[in-house]
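my questions are about this predicted structure, shown below with the sequence.
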Amino acid sequence: MVDDVTRVSIGVLLLAGVSLGSTIGCNVNRALEELARARAMSADLLVQFTKAADAANRAVMADTDSLSVDYAREAGTAKQAVRTDVSALRPLLETLKFTDESRLLQQFVDRFALYEALDKSILDLSVENTNLKAQRLSFGPAQAAADSFRQALQGIKSASPKDDWHVRALAASAIGSVREVQVLEGPHIADPDDSAMTRLEKQMAASEAEARTALTALTPLVDSGSRQRLSDALAALEQLMSVNTQIVGLSRRNTNVRSLALSLNEKPPLRTACEQSLRALNDALRKRGYQRGRYD
């Protein structure tokens, strides 16, 4: 028969075995939970980064100030979520002793810093919308002023029948010069090159001068009833050139053109690099498993 001492020893061993098994089981379960959390965070990192990049692109392409601001804010929110995920995932990978994954995460962090710096510049430019604002002025107030100029000159009459042809020719020349100013605004708004814009501005100034010269030449040739029409035409020309000055100033800022150029040319390689790091991190975590008391 088994003596009392033997029974006690066996009991102690059994209890120790149960306790050890429970400890190992708890450690395994906790480790698997941490691995699942790491996978979820890594996947969310890619989702949030993609959201940020897409929202930033929409901000650049938006055709109103409010939409640009809304999309820029959406991009900022998603980028903050990226930073939050990184802060939570980094210590988790260190706890799991996943050195390769930690390296991939740091690689993403380094690449994301470059991406974020460029993205900030793009978004700051996009929300200004200076090219869109210039375009609205050109299609709105500038168009209205040019139309008023044309309407004023269409009704003028010469003081003498012998000057009819001269008056009509001068009026047509003045109207054509004003339309030339309008036509040149479009290329100025769209052109990214400063030297090209300077050439267009010189052409606008020359067309303005031609219109003013024509109005001056018309003054002694029209009848008394047309003097007010000349005054109205001159006021319309002043209004047009005042708006034109605003258009040129906004166009010179070129924020929409510059933000679009950065988005199309410089941003894609940085975005691709970030996505490559995140996909590599996701793949590495998917391959992880718990076998024989360790992670493989």
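Great, that's in hand.

can you get me a residue count around R252?
The number of residues packed around R252, counting by other C-beta atoms under 10 Å, is 15. Glycine gets a C-beta too; all of them are placed from N, C-alpha and C.

isn't it right next to M197, touching?
Yes - at 6.6 Å, R252 and M197 qualify as touching, with contact defined as C-beta atoms under 8 Å.

shaky segments in the stretch 51-200 of the chain?
Counting by pLDDT under 70, the stretch 51-200 of the chain has no low-confidence residues at all.

can you pull the contacts of the residue nearest the centre of the chain?
The central residue of the chain, meaning the one whose C-alpha is nearest the mean C-alpha position (C-alpha atoms, centre = their mean), is V60 at 3.0 Å. The contact partners of V60, by C-beta atoms under 8 Å, 6 or more residues apart in numbering, come to S68, I122, S126, N256, S259, L260, S263.

wait, is the last one part of a helix?
Yes - read with DSSP: H, G, I helix; E, B strand; the rest coil, S263 is one of the residues of a helix.

list the contacts of it.
So S263 contacts A56, N57, V60, I122 (C-beta under 8 Å, 6+ apart).

ok, the third one next?
Going by C-beta under 8 Å, 6+ apart, S126 touches A59, V60, A62, S68, A72, T255, N256, S259.

so the fifth one touches I122, yeah?
No - taking contacts as C-beta under 8 Å, A72 lies outside contact range of I122: 9.3 Å.

near E266, how many other residues are there?
12.

which SSE is the closest residue to it other than its chain neighbours in?
With sequence-adjacent residues excluded and distances taken as C-beta to C-beta, 6 or more residues apart in numbering, E266 is closest to L118, at 6.1 Å. If you go by DSSP states H and E, L118 is part of helix 99-126.

buried residues, that helix. List them.
101-102, 104-105, 107-108, 111-112, 115-116, 118-119, 122-123, 125-126 (16 or more other C-beta atoms under 10 Å).

can you check stretch 173-181 too?
Buried residues in stretch 173-181, counting neighbours by 16+ other C-beta under 10 Å, are found at S173, A174, I175, S177, V178, E180, V181.

so which of those residues belong to helices?
Counted as lying in helices by DSSP state H, out of the buried residues of stretch 173-181, are S173, A174, I175, S177, V178, E180, V181.

out of those, the closest to L237 would be?
Taking C-beta to C-beta as the measure, L237 sits nearest to V178 out of those, at 6.7 Å.

show me the contacts for that closest one.
Under the criterion of C-beta under 8 Å, 6+ apart, the contact partners of V178 comprise A146, F149, R150, S207, A211, L237, L240.

check the fifth one and give its pLDDT.
So the one you mean is A211. For A211, the pLDDT comes out at 97.

let me know the closest of the contacts of S263 to G76.
Taking C-beta to C-beta as the measure, A56 is the one of those closest to G76, at 9.1 Å.

name the nearest residue to the closest one, ignoring sequence neighbours.
Distances taken as C-beta to C-beta, 6+ apart put A75 closest to A56, at 4.3 Å, once the chain neighbours are dropped.

what about that neighbour, which SS state?
In terms of secondary structure, A75 is helix; the call rests on three-state DSSP.

who touches it in this structure?
Neighbour list for A75: K51, A52, A53, A55, A56, A59, D119, L123 [criterion: C-beta under 8 Å, 6+ apart].
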